[in-house]
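Student: I would like to see how this sequence folds:
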Amino acid sequence: MIPLERHVSAYQVRTRFGEILDAVRYRKEPVVVEKNGRPAAVIVDLEAYRALETLREEERFIEEYTDERLRGFLVADRLPKAEAAHIRKRLKAAR
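Tutor: Numbering: from 1, shown residues only. Got it, this is the predicted structure:
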């Protein structure tokens, strides 16, 4: 079951940090911290944070492959045009 996020004020975080940290850590409940009624930050458990960082690293890796570099790879591999077009299409969809 995916936990639902709960919203707390920055004041509540200051006064009930231990309780909020336990909810995040043990019940895997993300907490949105609001300041002046607006979302300002999210507290998530370490496992969720690591998963997010892995995803961000994968996105950065994909972004590094510019069209120019892709053309260079495709020329070097001497792929048939249809296969090269298919690869380009899949990489652009992944961005």
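Student: Give me the three-state assignment for Asp22.
Tutor: Under DSSP: H, G, I helix; E, B strand; the rest coil, the three-state class of Asp22 is helix.
Student: burial count for it?
Tutor: Close neighbours of Asp22, defined as other C-beta atoms under 10 Å, add up to 12. To be clear about C-beta, it is placed using only N, CA and C from the backbone, and glycine gets the same treatment.
Student: Check Val8 too.
Tutor: When neighbours are counted by other C-beta under 10 Å, Val8 registers 17.
Student: is it fair to say it lies in a strand?
Tutor: Yes - per three-state DSSP, Val8 lies within a strand segment.
Student: Once you drop chain neighbours, what's closest to it?
Tutor: Ranked by C-beta to C-beta, 6 or more residues apart in numbering and with sequence neighbours excluded, the top spatial neighbour of Val8 is Val31, at 5.8 Å.
Student: Can you name the residues that contact that neighbour?
Tutor: Applying C-beta atoms under 8 Å, 6 or more residues apart in numbering to Val31 gives the contacts Glu5, Arg6, His7, Val8, Val13, Ile20, Ala23, Val24, Val42, Ile43.
Student: try Pro39
Tutor: Pro39 sits next to His7, Val32, Val33 when contact means C-beta under 8 Å, 6+ apart.
Student: which among those residues gets closest to His86?
Tutor: Val32 (41.2 Å; C-beta to C-beta).
Student: do you know how far the closest one is from Ala40?
Tutor: Applying C-beta to C-beta, to the nearest Å, the value for Val32 to Ala40 is 8 Å.
Student: for Glu29, same thing?
Tutor: From Glu29 across to Ala40, the span is 18 Å (C-beta to C-beta).
Student: Ok, Arg88 next?
Tutor: Taking C-beta to C-beta, one finds Arg88 at 40 Å from Ala40.
Student: and the residue nearest the centre of the chain, what does it touch?
Tutor: Geometric centre of the chain, nearest residue: Leu52, 4.0 Å, by C-alpha atoms, centre = their mean. The contact partners of Leu52, taken as C-beta under 8 Å, 6+ apart, are Val44.
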